[in-house]
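J.: have a look at this prediction, sequence included:
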Amino acid sequence: MRCTMKIHNEAYNISLLDSITQEFPSYTQQINNQLKDIHGIQEYIQTCNQIIDQKTDICVNKYAIDYANRLRKNIKKLDKWAELQGIECYRIYDRDLPDYKIAVDRYGDWIVIHEYASPITINTCKTLQRFLNIIFTTLEVLKQPVDRVVLKTRIKQKGKDQQYQKLNQNDNYLVVTEFNARLLVNLTDYIDTGLFLDHRIIRTMLGHLSKGKDFLNLFAYTGSASVHAGLGGALSTTSIDMSRTYLSWAKRNMCLNGLSGNRHHFFRANCFRWLRHAKDKFDIIFINPPTFSNSKKMSRSFDIQRDHLELLWYLKCLLRIHGKILFSNNKHGFKIHLSGLESIGMMATEITAKTQPKDFTHAHSVIKSWIITHSNKGSSIYN
């Protein structure tokens, strides 16, 4: 049986009753105005209210001292570093403390707070209280306007392409800077924002590798890697993704950077199906596949551990003799099939240590990456 949850506002010593049929609890006008404008706060509270199973007092303005101290330490180091690097989007807290397993990203003047939960997690009053503490403390430490804060809950859902699930219809896009690139992000409509911050170094590497080369971007998403390749002087870019929304987004990103015309190609297609029929050859190929997918647009499910060798075999057929594949994925515990690669005439050199960003410190934030070439090539893969 669902209990009634009593909410306290310490600043005014007010006790109020919350109902699932109401919107966010009607605190004094000052507190209400502060919290109601946080993107995602009402949906989060309502979700928690449906499954809270015990009476308790919830305080909306408790200060989390340990979290605050770590956040201050991080921004003192990272804000200056980001300014020198010329990047506006970076992580300022990455599940640093075991009691505060969240991530906080800065997107220009905006802050995105990610809560990590599993499908079987039961949200109790304790978890709600802790998350409210995080929100209040983040606002205080960063002096952040509430209408520029976005909350997201990331749930492990096997077989679901979370990045493709639309949450809202705001269609509010923000232009951000990443080194010499300008990119569009959408902070509220999807679980992912349109820019994978942990691939920042990989994108700059692709820019350097692509000068005077034909570049292929599979599972292109919003085309940020193609932008960097184009700005790096690629002879041509080809971006493949099965989402009409993201392919359109990729085109907008390219145009935003003055990259248009018949040298830049976009194909809406299932990547596996496209690979089976592709005949063009490429010098540089970037592939960051999903960990798992059972999209209705695919004839069978895709599992990165099970299927990566088959995928790389198809890519081998498109790779010029001195070409390079930059392959990355974020599956925890992933092991590349080195002997299988050798059997199809390819070799891989892991470059994970070179591509790990300074602002991503958690073990689960590590993106593993390799440069893969034809094994019969005699010179160094970095030549």
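T.: All right, it came through fine.
J.: okay, CA-based contacts and neighbour counts for the rest of this
T.: Fine.
J.: isn't Asp241 up against Asn270?
T.: Yes: the pair Asp241 / Asn270 is scored as a contact, 6.7 Å apart, by C-alpha atoms under 8 Å.
J.: how close does Gly345 get to Thr373?
T.: 9 Å (C-alpha to C-alpha, to the nearest Å).
J.: these two: who's more crowded?
T.: A direct count of neighbours by other C-alpha atoms under 10 Å for Gly345 and Thr373 places Thr373 higher, at 24 against 15.
J.: so that one: helix, strand or coil?
T.: Following DSSP: H, G, I helix; E, B strand; the rest coil, Thr373 is assigned to strand.
J.: distance of it relative to Leu341?
T.: Thr373 is 10 Å from Leu341, by C-alpha to C-alpha.
J.: what is in contact with the two at once?
T.: Contact with both Thr373 and Leu341 is made by residues 347-348, according to C-alpha atoms under 8 Å, 6 or more residues apart in numbering.
J.: which intervals of the stretch 1-150 of the chain have sub-threshold pLDDT?
T.: Residue ranges of the stretch 1-150 of the chain with pLDDT under 70: 1-34, 48-58, 118-124.
J.: could you rerun that using 80?
T.: Across the stretch 1-150 of the chain, the ranges flagged by pLDDT under 80 are 1-36, 42-60, 117-126, 128.
J.: next: the stretch 201-350 of the chain.
T.: For the stretch 201-350 of the chain, the stretches flagged by pLDDT under 80 are 294-300.
J.: which residue ranges form the helices in it?
T.: With DSSP state H, counting those that start in this stretch as the criterion, the stretch 201-350 of the chain has helices at 224-231, 244-256, 271-277, 304-318, 338-343.
J.: okay, those, which one's buried deepest?
T.: For these, average neighbour numbers computed from mean count of other C-alpha atoms under 10 Å are highest in helix 224-231, which has a mean of 28.
J.: which secondary structure elements does that one contact?
T.: Counting contacts by 3 or more C-alpha pairs under 8 Å, 6 or more residues apart in numbering; DSSP states H and E, helix 224-231 is packed against strand 181-185, helix 200-209, strand 214-218, strand 236-241, helix 244-256.
J.: which of the ones you listed sits closest to Lys368?
T.: Among these, the nearest to Lys368 by C-alpha to C-alpha is helix 200-209 (10.7 Å).
J.: alpha carbons only: can I get the closest one in PDB?
T.: Extracted in PDB, the C-alpha atoms of helix 200-209 (Å, rounded to 0.1, in the frame of the first residue of the first chain):
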ATOM      1  CA  ARG A 200      36.400  13.900 -27.700                       C
ATOM      2  CA  ILE A 201      40.000  12.700 -28.200                       C
ATOM      3  CA  ILE A 202      39.000  10.100 -30.700                       C
ATOM      4  CA  ARG A 203      37.300  12.800 -32.800                       C
ATOM      5  CA  THR A 204      40.400  15.000 -32.800                       C
ATOM      6  CA  MET A 205      42.500  12.000 -33.800                       C
ATOM      7  CA  LEU A 206      40.200  11.300 -36.700                       C
ATOM      8  CA  GLY A 207      40.600  14.900 -37.800                       C
ATOM      9  CA  HIS A 208      44.400  14.500 -38.000                       C
ATOM     10  CA  LEU A 209      44.200  11.100 -39.700                       C
END
